[in-house]
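Novice: Dropping a prediction and its sequence here:
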Amino acid sequence: MPIHLTTNGIPKIMQGDTNLKPLLQVLDVSLISNIKERYRLILSDSVAAQQAMIATQCNHLAKNGLVRKGSVVQLVDYICSPAQGRIVIVVLNMEIIMPECEIIGNPREFLPSNPVSNGVSQQTTVPSFNRSSVTNMSNNTQTFRPTIQPAYQPPPMYKSHGSIMKNEAPARIIPISALNPYQGRWAIKARVTAKGDLRRYNNAKGDGKVFSFDLLDSDGGEIRVTCFNAVVDQFYEVIEVGKVYMISKGSLKPAKKNFNHLNNEWEIFLESSSTIDPCPDEDASIPQQQFSFKPISEIETAENNSIIDVIGVVTKVDPSVPIQRKNGIETQKRTIKLNDQSGRSVELTLWGEFCNREGQQLQVMFNSGLSPVLAVKAGRINDFSGKSVGTLSSTQLFIDPDSSEANNLRAWFDRGGKDLASQSISRDLPVGSKNEVRKTVSQIKEDGLGRADKPDWVTVKATVTFIKTDNFCYTACPLQIGDRQCNKKVTKSGSTWQCDRCNQEFEECDYKYLLQCQVQDHTGLTWVTAFQEAGEQILGRTAKELYMLKNQVQDDERFANVVKSCLFAELLLKLKIKEETYGDEQKVKITVNKVDKMNYSSNTKYLLELIPKSY
């Protein structure tokens, strides 16, 4: 992306303009005095070039290599000082805009004796700057000794206000792509393309809240902005999706790519001194949204958990169903099928509020005979049983968007695409299908399952022969942290339950399964762990019901009968197998992910599919 240096920056500086704060490029950096550690720069505005000295308070920028050949800098404070018949720029303070950049323009040495007409410097015909000319320019001042440097005098407009008002001078607007942590003062003008929900959290430092929003500028640069605690109160109500804002003052830190899908290595963290000013005149040069669509056929080879944009025609909408997550929280799930011109289809899973908002709208449209186009920004790829796409909290859904991709897709579908067969890359088939990985209990050890980098997922036909009942569940914290439940183990403190993580007390707690079960088939037996949902599928009761039966009612016989009634039934157990480290010892942990009662008709069909057909 092109960087525009300040027009006539060098001539204006040489004429004594100290209010300019120009954007210049460094053509060379050299150490000219090992004793006093003085560094010389050659600065360029893309047309003219001039020598400069770095004041000692800025030495670290050159010494640490932060300022180097090709760097684009903004001079914040500077003066011009005479030295052996020449005028040298003394840089008192500067900010790094870009650490590295190709040499811009064709700069030539500025000669102050040349006339300046209409603000445009008249250059003599000398060679453009290459390495040798820069060296020659440097050699001319090897014995440079500046005269006694006058004390810095603030520009006239600041004299009556002091240095604090001086720092309030507006920062230069720069592209998002030029942001970096070395800048002290910057401003960006961008449109909000997404705004996350307000989330609350709890950690060792206490309770807190956070929200983020994404920005897009006219050059196509994107970046995420995050606010914490008091800053949330300051800006949460200000930010609206689709609006353009001028934003300045904040710190840049490396983006956490596990949560941030934007194409930017940095993320902005706003502070109490940050400013967000709405721009009343909507900037048409800034697009409403930016996509990077992948054809569905490419999703088939994409990496698991990667974040993508995808667009397709909706050809199927399933009803919304309640699902209990592994953390015990119930949410909504809805599955949608998308087709595109690549001849492939993919399942899109909507979670939570997406099911009731866009999901309900899509179902009404589909039931009315329509096949809307759906654009998905920032969906996550899942590779369990084929490839599918799922929504995240940062995902955005656009129904029948006004874009060339959507128009082309609609035209293809209406011209005959709807009648073409497509191959699904999502194979989320029912238990017992030929695509599932069936193993026996003995094969778990014989095949070394779980010892690879990723867990193994297999289905075993077995019976539960024994359940440990001394600690079959635990008391859990019921506090909601964002959209998740804490679930940390709580302890009894008088008449209340106390959570050490949340540092709070509750009159009531939750009860979560932590079953240790022995399962067996015709080849052997092994131990597995079943958590909340799987525990309920095995025992047919909630953890709280059995806890009360054993500890409150204290009916041991009835409790034992409930457990015995669940033993020795043939089940299909979907298992997750992964090696984990306990202390200094590595052990293979087997977790029950799902439990299905044996359907003998489906199992027979599965076995028949395994028999080779002879012709």
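Specialist: Looks like it came in fine. Numbers count the residues shown, from 1 in each chain.

Novice: May I ask you to confirm that M246 is in contact with P280?
Specialist: No. Shown here, M246 and P280 do not form a contact pair, counting by Cβ atoms under 8 Å, at 10.8 Å. Where C-beta positions appear, they are placed from N, C-alpha and C, glycine not excepted.

Novice: okay, the two: which has more neighbours?
Specialist: Neighbours per residue (other Cβ atoms under 10 Å) separate M246 from P280, with M246 holding more: 16 against 7.

Novice: Now the helix or strand harbouring the more buried one: buried residues?
Specialist: Element membership for M246 (DSSP states H and E) is strand 244-254. Neighbour counts using 16 or more other Cβ atoms under 10 Å place V244, Y245, M246, I247, S248, K249, G250, L252 of strand 244-254 among the buried residues.

Novice: Return the closest of those residues with respect to E508.
Specialist: Checking the buried residues of strand 244-254 against E508 by Cβ to Cβ gives G250 as the nearest, at 42.3 Å.

Novice: bridging residues for the closest one?
Specialist: L270 (DSSP bridges).

Novice: so what's it up against?
Specialist: By Cβ atoms under 8 Å, 6 or more residues apart in numbering, the contact list for G250 reads V225, I268, F269, L270, E271, S274.

Novice: wouldn't the second one be in contact with I223 here?
Specialist: Yes. Between I268 and I223 a contact is recorded at 6.0 Å, counting by Cβ under 8 Å.

Novice: what's the overlap in contacts for the two?
Specialist: Joint contacts of I268 and I223 (Cβ under 8 Å, 6+ apart) are L179.

Novice: and for M246 and P280, which residues touch both?
Specialist: Common neighbours of M246 and P280 (Cβ under 8 Å, 6+ apart) do not exist.

Novice: circling back to that earlier point, greatest separation within the contacts of G250: which pair is it?
Specialist: Maximum distance among these (Cβ to Cβ): 11.4 Å, for V225 and E271.

Novice: In terms of packing, which of those two has more residues around it?
Specialist: Neighbours per residue, other Cβ under 10 Å: of V225 and E271, the larger number sits with V225, 24 against 14.

Novice: Quick check: phi and psi at the more buried one.
Specialist: Per-residue torsions, V225: phi -120, psi 130 (degrees, to the nearest 10).

Novice: Would you confirm that it contacts W266?
Specialist: No. Applying Cβ under 8 Å as the test, V225 and W266 come out as separate, 10.6 Å apart.

Novice: Enumerate the helices of the stretch 201-350 of the chain by residue range, in sequence order.
Specialist: 230-235, 296-299 (DSSP state H, counting those that start in this stretch).

Novice: Just the buried positions in stretch 399-410, please.
Specialist: P401, S403, A406, L409, R410.

Novice: Other residues contacting that stretch?
Specialist: 289, 291, 293, 311-313, 340-341, 358, 361-362, 365, 372-375.

Novice: With just CA atoms, put stretch 527-545 into CSV.
Specialist: Output of stretch 527-545 as CSV, limited to C-alpha atoms (Å, rounded to 0.1, in the frame of the first residue of the first chain):
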residue,chain,number,x,y,z
TRP,A,527,-12.0,-47.8,32.0
VAL,A,528,-13.7,-44.7,30.7
THR,A,529,-14.8,-41.3,32.1
ALA,A,530,-18.3,-39.9,31.4
PHE,A,531,-19.1,-36.3,32.1
GLN,A,532,-22.4,-34.5,32.4
GLU,A,533,-24.3,-35.3,29.2
ALA,A,534,-22.8,-38.8,28.7
GLY,A,535,-23.4,-39.5,32.4
GLU,A,536,-27.1,-38.7,32.1
GLN,A,537,-27.3,-40.9,28.9
ILE,A,538,-25.8,-43.9,30.8
LEU,A,539,-27.8,-43.5,34.1
GLY,A,540,-31.0,-42.0,32.8
ARG,A,541,-31.1,-39.5,35.6
THR,A,542,-29.6,-36.1,36.4
ALA,A,543,-26.6,-36.0,38.8
LYS,A,544,-28.7,-33.9,41.2
GLU,A,545,-31.4,-36.5,41.4
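
Novice: Just the buried positions in that stretch, please.
Specialist: 528-539, 541-544.

Novice: pLDDT weak spots in the stretch 151-300 of the chain?
Specialist: 151-171, 183-184, 258, 281-283 (pLDDT under 70).

Novice: hmm, 90 instead?
Specialist: The stretch 151-300 of the chain contains residues with pLDDT under 90 at 151-186, 194-208, 218-221, 241-242, 249-250, 253-265, 279-292, 300.

Novice: Tell me the spatial nearest neighbour of K316, not counting adjacent residues.
Specialist: Counting by Cβ to Cβ, 6 or more residues apart in numbering, K337 is the residue found nearest to K316 once chain neighbours are left out, at 3.7 Å.

Novice: I'd like to know how many residues surround the one you found.
Specialist: 18.

Novice: list the contacts for it?
Specialist: K337 touches V314, T315, K316, V317, S345, V346, E347, L348, S424, counting by Cβ under 8 Å, 6+ apart.

Novice: Can you tell me how far the last one is from N367?
Specialist: Okay, so that is S424. 22 Å (Cβ to Cβ, to the nearest Å).

Novice: between those two, who's got more neighbours?
Specialist: S424 (17 against 9).

Novice: Could you give the number of residues near the nearest residue to that one once chain neighbours are set aside?
Specialist: Excluding its sequence neighbours, the residue lying closest to S424 (Cβ to Cβ, 6+ apart) is S345, at 4.9 Å. When neighbours are counted by other Cβ under 10 Å, S345 registers 20.

Novice: S345 and K489: what is the separation?
Specialist: From S345 to K489 the distance is 44 Å (Cβ to Cβ).

Novice: again with D77
Specialist: From D77 over to K489 (counting by Cβ to Cβ), the distance is 58 Å.

Novice: just to revisit the earlier point, okay, the residue nearest to K316: pLDDT?
Specialist: At K337, the pLDDT value in this model is 93.

Novice: next one: N114
Specialist: 43.

Novice: Would you mind listing the residues in contact with T526?
Specialist: So T526 contacts V441, I444, K445, Q518, V519, Q520, I590 (Cβ under 8 Å, 6+ apart).

Novice: how does it look with 10 Å?
Specialist: Contact partners of T526, counting by Cβ atoms under 10 Å, 6 or more residues apart in numbering, are 441-442, 444-445, 460, 462, 517-520, 575, 577, 588, 590.

Novice: Between its first and last residues, what's the separation in stretch 32-45?
Specialist: In stretch 32-45, first residue to last residue: 23 Å (Cα to Cα, to the nearest Å).

Novice: before we move on, what about stretch 576-587?
Specialist: Start-to-end, stretch 576-587 (Cα to Cα) is 14 Å.

Novice: For that stretch, buried residues please.
Specialist: Buried-residue list, stretch 576-587, by 16+ other Cβ under 10 Å: K576, I577, K578, E579.

Novice: Who does the closest residue to D207 other than its chain neighbours form a beta bridge with?
Specialist: Once flanking residues are discounted, D207 sits nearest to R200: 6.8 Å by Cβ to Cβ, 6+ apart. Note on R200: beta-bridge partners by DSSP bridges are K209.

Novice: For R200, give its distance to N503.
Specialist: Distance from R200 to N503, by Cβ to Cβ: 14 Å.

Novice: which one of the two has more residues nearby?
Specialist: For R200 versus N503, the count of surrounding residues by other Cβ under 10 Å is larger for R200: 14 against 11.
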